[in-house]
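K.L.:
only geometry, no sequence info:
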């Protein structure tokens, strides 16, 4: 088994998939690349990167950033297009645009869940406009 390769139940449906783990965050988000979405050329490129002697010492982001592919493109720039995020609640989305998952916490009995940042609720005495 190569470093940074894990078997994960991405969809919480009992189906285990091999993924390349780019990062695991403190809040439980998983940044990953599905290996079955890569073609044979890209799998070979990734095998070469993961076979480096010190591959287990560095996060996959760093390994890719330090690698230039045979076609002259930085490996991180190339493989970034395949990266997805699975939030701690199980939602899968593309990284970026300021989105990230957060641990699901139930509101105490009888209380509304706390709102995130954004426009405050309108009050009765605010000007209409």
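P.N.:
Cool, the structure landed. The structure displayed is predicted, hence computed values, not measured ones.
K.L.:
check which helix or strand covers residue 28.
P.N.:
For residue 28, there is no helix or strand it lies in under DSSP states H and E.
K.L.:
hang on, it packs against residue 85?
P.N.:
No - using CB atoms under 8 Å, residue 28 is not in contact with residue 85, being 10.8 Å away. Where you see a C-beta, it was placed from the backbone N, CA and C, and this is true even at glycine.
K.L.:
Which one's more surrounded, the two?
P.N.:
Using other CB atoms under 10 Å as the criterion, residue 28 and residue 85 rank with residue 85 on top: 20 against 15.
K.L.:
And the strands in this structure?
P.N.:
5-8, 17-24, 30-34, 84-86, 92-93 (DSSP state E).
K.L.:
So which of those strands is nearest residue 78?
P.N.:
Among those, the nearest to residue 78 by CB to CB is strand 30-34 (11.1 Å).
K.L.:
can you pull the pLDDT of the residue most central in space within the chain?
P.N.:
The chain has residue 31 as the residue nearest its centroid, 1.9 Å off, counting by CA atoms, centre = their mean. According to the prediction, residue 31 has pLDDT 95.
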